[in-house]
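> Pasting the sequence and the predicted model now:
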Amino acid sequence: MFSNKYNVDGRLIVITGGSQGLGYALAKNLYLKGANIIIISRTETKLLTCVEEIKKLSRKKDQFVDYVAADLSKYENCEKVREHLVLKNLLPDDLICCAGIAYPQKFAKIPISKIDEGIDINYRTAVYFVHAMLPLITEKVREQHLVLCSSVIASYAFYGYSQYAPMKAAVKAFGDCMRHELLPYGVKVHTLFPGNFESEGYAQENLTKPALTKEIEGASPAISAEKCADIVVKSLQNGSLYIYTDFIGWVLGSFSLGLNPREWWFAQIFLSFVGSLVGRLVDLYHEHLIRKESQQEDKRR
Ligand SMILES: NC(=O)C1=CN([C@@H]2O[C@H](COP(=O)(O)OP(=O)(O)OC[C@H]3O[C@@H](n4cnc5c(N)ncnc54)[C@H](OP(=O)(O)O)[C@@H]3O)[C@@H](O)[C@H]2O)C=CC1
Ligand SMILES: CCCCCCCCCCCCCCCC(=O)[C@@H](N)CO
């Protein structure tokens, strides 16, 4: 319906989880490209510092950056954010949902509070916020972008990520439904499947991450949040619907193509064939690592 090119100059982009990590890196990247930015997260002090830092990057006179402090896992707060934007006459062009959290650990060791937090921050912040903002983004038909943040983990869930992987698979499915439903309004829905990148959240999750989880995900070495944001923005500008930030993520995405949007059709179709041949072998190797470690643990006891 609209051109594939995404020119961010002058657009109003609202970013959840915009006070650190990928959300903050995206805010800086897009602001530098001329966008107006509103970042949202729970901690006001962090948001204030971020806004001051982003302002320093200003290149144009009439560009603005602002914040709203809100816990978006509560629907009433999402509604308050919408009312706040309406009052200030700020109609967002694009929404980027970046809030998320992982608590990698063996399932039996995960406190229920962390499971709830996983549901709240990974899933509720995304679906509640999109639901509350829908009246604004469907008001008139025009080119808009909704960006949801899943993870490579949605293509391959493995040891240690029981608190997180199901939520990111849910975000992927939610994005697929939205991609259909928002089509008539000119809203393009993009889903991110990042591999590891450095952030405050990443440093925190590494404190509880089992050694086996680290070993398996070693195939996705952490890049900087800035590099990750750069790849995401370039992919958005290219019109990609499913966005991968590293090679292994793209390979695993190709292994589970299904009816999903594709990038590099022929390469992905070839890889999906390779995946159907060798994919299970990769998983069997991971099962072998798990058995080996549990035997070593038995010996230590
Ligand atoms: N880092 C990685 O390796 C990967 C991360 N991802 C995903 O990418 C996204 C960004 O990750 P990353 O930058 O590492 O995350 P961080 O944990 O560093 O940042 C998360 C952001 O979300 C905000 N946030 C958390 N809870 C809420 C809430 N209830 N309401 C509003 N804002 C909230 C945080 O601020 P505050 O606490 O103040 O609210 C913070 O700004 C996440 O969805 C993550 O799952 C995907 C693949 C890899
Ligand atoms: C031939 C194919 C070989 C395949 C080998 C399998 C490798 C799996 C890599 C998975 C990387 C997962 C990154 C998750 C990042 C994430 O979401 C967390 N950091 C949360 O923040």
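Noted; the coordinates are in hand. Ligands and ions are numbered 1, 2, ... in the order given.

> How about the contacts made by the residue of the stretch 51-200 of the chain found nearest ligand 2?
In the stretch 51-200 of the chain, the residue that lies nearest ligand 2 is residue 151 (3.3 Å; Cβ to the nearest ligand atom). C-beta coordinates here come from the backbone N, C-alpha and C atoms, glycine included. By Cβ atoms under 8 Å, 6 or more residues apart in numbering, residue 151 lies in contact with 100, 164, 165, 168, 193, 194.

> Out of those, flag the one nearest to residue 155.
Residue 155 has its nearest neighbour among these in residue 193, at 6.7 Å by Cβ to Cβ.

> Beta-bridge partners for that closest one, please?
Judged by DSSP bridges, the bridge partners of residue 193 are residue 244.

> How many neighbouring residues does residue 208 have?
Residue 208 is flanked by 17 other residues according to other Cβ atoms under 10 Å.

> if you skip the residues just before and after it, what's nearest to it?
residue 105 (4.7 Å; Cβ to Cβ, 6 or more residues apart in numbering).

> Residue 214 now?
residue 206 (7.7 Å).

> same deal with residue 84?
What sits nearest to residue 84 in space, not counting adjacent residues and going by Cβ to Cβ, 6+ apart, is residue 68, at 6.1 Å.

> Also residue 132?
Nearest residue to residue 132 in three dimensions, chain neighbours excluded: residue 78, at 3.6 Å (Cβ to Cβ, 6+ apart).

> who's in contact with the one you found?
Applying Cβ under 8 Å, 6+ apart to residue 78 gives the contacts 70, 72, 128, 129, 131, 132, 133.

> host element of the fourth one?
Okay, so that is residue 129. Counting by DSSP states H and E, the element that carries residue 129 is helix 125-137.

> May I have the secondary structure class of residue 68?
Secondary structure state of residue 68, per DSSP: H, G, I helix; E, B strand; the rest coil, is strand.

> What separation is there between the nearest residue to residue 11 once chain neighbours are set aside and ligand 1?
In this structure, residue 11 finds its nearest non-sequential neighbour in residue 93, 4.0 Å apart by Cβ to Cβ, 6+ apart. For residue 93, the distance to ligand 1 (Cβ to the nearest ligand atom, to the nearest Å) stands at 20 Å.

> Please apply the same query to residue 90.
With distances taken as Cβ to the nearest ligand atom, residue 90 is found 18 Å from ligand 1.

> In contact with the residue nearest to that residue when sequence neighbours are not counted, which residues?
Once flanking residues are discounted, residue 90 sits nearest to residue 12: 6.1 Å by Cβ to Cβ, 6+ apart. Applying Cβ under 8 Å, 6+ apart, we find residue 12 in contact with 35, 36, 37, 38, 90, 91, 92, 93, 94.
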